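# Generate coordinates for the sequence data below:
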Amino acid sequence: MIAALLEAHSRIITSWHVQMLDVELHRYRLVLEIEFLSGLRLFVKDYLFEDGRRKYSYHCQDSAGNLVFRYDNAPHWVGISTFPHHKHLPDSVIASSPMTLEKVCAEIAILVQAA
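Now for the predicted structure:
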């Protein structure tokens, strides 16, 4: 799955490094870093627990280390309509549907093509 996704975006990815991939039956742990042509970097943490709960963070930053966006589901923005799912922007936090690596890579592809 991850290999196919990275291959699908290979024309805009300059490097990637899987720091952890642990899959067992109904759970997984993924820690991944991807660098894109425009210098954008994506730091991924995505865990699915045995009981079906999921914890994720997709942190995208520019080449200077500045936040472009981060999707996560940490339960700290209770006022967001999509709680606990939300998106951090440089100056705000907004509602977000549950995020996946595929959706984030598609969003980054648009940013890279616009650069």
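# for the record, mean pLDDT for the helix ranked longest in the chain?
Looking across the chain with DSSP state H, the single longest helix is helix 101-114. When pLDDT is averaged over helix 101-114, the result is 93.
# Ok, stretch 55-62 next?
98.
# quick one: pLDDT of Pro98?
Per-residue pLDDT puts Pro98 at 97.
# excluding its backbone neighbours, what's nearest it?
In this structure, Pro98 finds its nearest non-sequential neighbour in His85, 5.2 Å apart by C-beta to C-beta, 6 or more residues apart in numbering. Where C-beta positions appear, they are placed from N, C-alpha and C, glycine not excepted.
# and the gap between the one you found and Asp91?
His85 is 19 Å from Asp91, where distance means C-beta to C-beta, to the nearest Å.
# more crowded one of these two?
Per other C-beta atoms under 10 Å, whichever of His85 and Asp91 has more neighbours is His85, with 19 against 6.
# Could you double-check that the more buried one lies in contact with Ala74?
No - counting by C-beta atoms under 8 Å, His85 sits too far from Ala74 to count as a contact (9.8 Å).
# Could you count how many residues lie near Leu6?
By other C-beta under 10 Å, the residues close to Leu6 number 16.
# Check the offset of the helix or strand of the chain with the lowest mean pLDDT from the chain's centre.
When the helices and strands of the chain are scored by mean pLDDT, DSSP states H and E, helix 2-8 comes last with a mean of 88. Computed by C-alpha atoms, centre = their mean, to the nearest Å, the separation of helix 2-8 from the middle of its chain amounts to 14 Å.
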